[in-house]
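Undergrad: predicted model follows, preceded by the sequence.
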Amino acid sequence: MATKDQLIKWSVALGYRFQDPGLLRQALTHSSYAAELGGRHRLHNERLEFLGDAVLGLAVGELLYEQHPQMKEGELSRHRAALVNETHLALMAREIGLNNVLLLGRGEVKSGGSDKPSILAGAFEALIGAVYLDGGCQAALDLLNRLFLPWVSQKATLADSDAKTALQELLQESHGEAPNYILEGEEGPAHDKRFMVAVTFLGRIRGRGTARSKKEAEQVAAAQALNALDTLKIRDNSSSNSEN
């Protein structure tokens, strides 16, 4: 488990030095860890996660607006949703090594909590919320600009982040039909709800996704479907080559 000095060193390497290291520790503290300590440590990162989510939406929206002046409102909204969904935030959390400094309860450690998309995405948002409280709005925006600019500035990378659009274009081109998205269920309290969505095509489920909004869950399901289609293409190509 990371020490206070190690956490500070990690945040400095990331590009921000906390004036209040306690906020950094809170951002990295999962509720399972706080629960195990009981009255000795009641603070965890869920409230910071709520705050960071709002800051993220603003920062990524502003970046998209500035980097792509010709992009229409609908496209901006789709790309922002793809960039701040659970799957993509978990990817970014791993890239900055956040999974290595999380404070998790023993049960979560045993079940691989440091690699769960929901925990990683929540901690990423909590980190941004902590930076916002510690250094102000500009500090949070500066950090997010550095982290998201590579994803936003290149159209090819940005297009890859919008799995739902990519899947629809692929299926329309190859089969003349669009996929369908089905809400399979919801779970969790109102302030932390998860939506389970399946994407179907030609009567079969091609992918599933779980996220904190229906739109995000659809993006995750579409990404899974795209991966499945890529795998199928590879197998088909291999079969054709072996026959030849």
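TA: The structure has been received and is ready for your questions.

Undergrad: mind splitting this protein into its structural domains?
TA: 4-159, 164-243 (automatic domain parsing).

Undergrad: and those domains, which one averages the lowest pLDDT?
TA: Per-stretch mean pLDDT for the domains of the chain is lowest at domain 164-243 (a mean of 78).

Undergrad: residues contacting the residue most central in space within the chain?
TA: Centroid check for the chain by CA atoms, centre = their mean gives Leu89 as the closest residue, at 2.3 Å. Residues near Leu89 by CB atoms under 8 Å, 6 or more residues apart in numbering: 56, 117, 120-121, 124-125. Where you see a C-beta, it was placed from the backbone N, CA and C, and this is true even at glycine.

Undergrad: which helix or strand contains it?
TA: In this assignment (DSSP states H and E), Leu89 forms part of helix 86-95.

Undergrad: buried sites along that helix?
TA: 86-94 (16 or more other CB atoms under 10 Å).

Undergrad: out of those residues, flag the one nearest to His68.
TA: His88 (17.5 Å; CB to CB).

Undergrad: ok, back up a step: widest-spaced pair of the contacts of Leu89?
TA: Checking the contacts of Leu89 with CB to CB, the most distant pair is Leu56 and Pro117, at 15.5 Å.

Undergrad: who's more crowded, the two?
TA: Per other CB atoms under 10 Å, whichever of Leu56 and Pro117 has more neighbours is Leu56, with 22 against 19.

Undergrad: nearest residue to the more buried one other than its sequence neighbours?
TA: Val84 (5.2 Å; CB to CB, 6 or more residues apart in numbering).

Undergrad: Three-state assignment for Ile205, please.
TA: Under DSSP: H, G, I helix; E, B strand; the rest coil, the three-state class of Ile205 is strand.

Undergrad: shouldn't it be in contact with Val197?
TA: No - with contact defined as CB atoms under 8 Å, Ile205 does not count as touching Val197 (10.5 Å).

Undergrad: more neighbours, the two?
TA: Neighbours per residue, other CB under 10 Å: of Ile205 and Val197, the larger number sits with Val197, 24 against 14.

Undergrad: give the contact list for Phe148.
TA: 59-60, 63, 83.

Undergrad: what's the angle between the helix or strand hosting it and helix 86-95?
TA: For Phe148, the host element (DSSP H and E) is helix 137-153. Relative orientation of helix 137-153 and helix 86-95, computed by axes from the mean of the first three to the mean of the last three CA atoms, to 10 degrees: 110 degrees.

Undergrad: what about the helices in this structure?
TA: 4-14, 21-27, 31-37, 46-67, 73-83, 86-95, 106-110, 117-135, 137-153, 155-161, 163-175, 214-243 (DSSP state H).

Undergrad: give me whichever of those is most buried.
TA: helix 117-135 (a mean of 24; mean count of other CB atoms under 10 Å).

Undergrad: just the angle between that helix and helix 137-153, please?
TA: Put simply, helix 117-135 runs at 140 degrees to helix 137-153, going by the same axes, to 10 degrees.
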